[in-house]
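# sequence first, predicted coordinates after that:
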Amino acid sequence: MQRRIKHYLIISLKGIAMGAADAVPGVSGGTIAFISGIYEELISTISNINVSLFKTLFSKGIKSFWKDLNGSFIAALLIGIIISFVSFMRLAKYLLENHPVLIWSFFFGLIIASIYFVGKQITKWNVSTIITFIVGAGIAFYVTTLPALASNDNSLYLFIAGSIAICAMILPGISGSFILIILGAYKTLSDALNDFDIKKILIFTAGAVVGLLSFSQLLKWLFKNYHDITLALLTGFIFGSLNKVWPWKKTISVMIEKTGEVIPFNSITDFGTLSFFQIHTKDFESYKPIVQKNVLPIHYNELNNYLADSQFLLALLLMIIGFLTIFSLEKIGSKKQ
């Protein structure tokens, strides 16, 4: 595939979009890759990294190795992902803490559009694809309801968390960051990136590499042999993930960060939503949500003693912007590169 510099710049921009999505718990960079038209090339490229590729390096030299690796594509994409993930994680943390309804609204619109664009790639809907879609939606919905574990910075655990999370990151609809939260490794990794803890970053990266090389082989085989079924499953994953990104929540229980104890949220405040309680008290570290349920915007203000604004109109606008963002990415992805 003959590409020019401008094509690689576009790939880097897609990498930036993927990294930004993966930095937000509940949003999948894999969805962005799929919509922007690079998903199958990404999976194929990763799955081609094996022993024979390194034999090429020693027998035919770096030029042949780089060509067989599809190295320019990988490098351009990784540059975008790394720059975005490292820089956007701090911004995402600020937005999630201070403007949770608005940022979730944007990504809700983004995911709604993603369901349409991924689903339309299925050439024929039949009983098998419909059942697979329902199963995928059920799995993703169940994952979004799982309670988070306490933070864990054990080296082996961090390696395993990296292996699992990277698989989620390349699956449309399942958020790698959210999986890290469930596993209790998100805060550990976030702190490591903020503090430039090289040891923890390398351990996580090693786990991610192992998981990525293994899982990409399975995905490549599934796309080759069960293309429509695989797409139906991925579309289901995206649909099921909507439960996580619904902007308006009622908090049922929380975990005390220092002790790991899970307590009813109404035992510490008469507010109904943890995010509003955190904004009100300026304390974003003491408690983490364990069980939450979705509520309608009209009930959000009532839940929080009529002190919280549901921001419905602005949230709706951001949903539309998120929706249109996917249209733009799909248009870029549909162009020959």
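Great, that's in hand.
# next, the buried residues of stretch 265-275.
Judged by neighbour count (16 or more other Cβ atoms under 10 Å), stretch 265-275 contains these buried residues: 265, 269, 271, 272, 273, 274, 275. Backbone N, C-alpha and C define where each C-beta goes, glycine included.
# so what's the fourth one up against?
Contacts of residue 272 were listed using Cβ atoms under 8 Å, 6 or more residues apart in numbering, and they are 250, 251, 265, 302, 303, 304.
# report the contact partners of the third one.
With contact set as Cβ under 8 Å, 6+ apart, residue 265 has these partners: 251, 252, 253, 254, 272, 274.
# looking at those, which are in helices?
Using DSSP state H, the subset of the contacts of residue 265 located in helices is residue 274.
# among the contacts of residue 265, which lie within strands?
Judged by DSSP state E, the subset of those located in strands is 251, 252, 253, 254.
# any of those residues buried? List them.
Buried subset of the ones in strands among the contacts of residue 265 (neighbour count, 16+ other Cβ under 10 Å): 251, 253, 254.
# C-terminal to the lowest-mean-pLDDT helix or strand in the chain, what's the next element?
Least confident element among the helices and strands of the chain, by mean pLDDT, DSSP states H and E: helix 176-183 (a mean of 71). Following helix 176-183 in sequence order, the next helix or strand is helix 186-195 (DSSP states H and E).
# is residue 291 in a helix, a strand, or coil?
State at residue 291, reduced to three classes by DSSP: H, G, I helix; E, B strand; the rest coil: strand.
# give me the residue ranges of the stretch 151-300 of the chain where confidence is low.
Applying pLDDT under 70 to the stretch 151-300 of the chain picks out residues 151-152, 173-175, 177-178, 182, 260.
# residue ranges of the helices in it, please?
155-169, 176-183, 186-195, 198-225, 227-240, 242-245, 274-281, 297-303 (DSSP state H, counting those that start in this stretch).
# got the confidence number for residue 25?
With respect to pLDDT, residue 25 scores 63.
# could you break this protein into its assigned domains?
By the record's domain assignment, the chain is partitioned as 5-244+319-334, 249-309 (automatic domain parsing).
# residue 230 contacts residue 221, correct?
No. Judged on Cβ atoms under 8 Å, residue 230 makes no contact with residue 221 at a distance of 9.5 Å.
# right, so the domains of the chain: which one is the most enclosed?
Using mean count of other Cβ atoms under 10 Å, the stretch among these with the largest mean neighbour count is domain 5-244+319-334, at a mean of 19.
# so how far is that domain off the chain centroid?
6 Å (Cα atoms, centre = their mean, to the nearest Å).
# having no further points to raise, I will conclude here.
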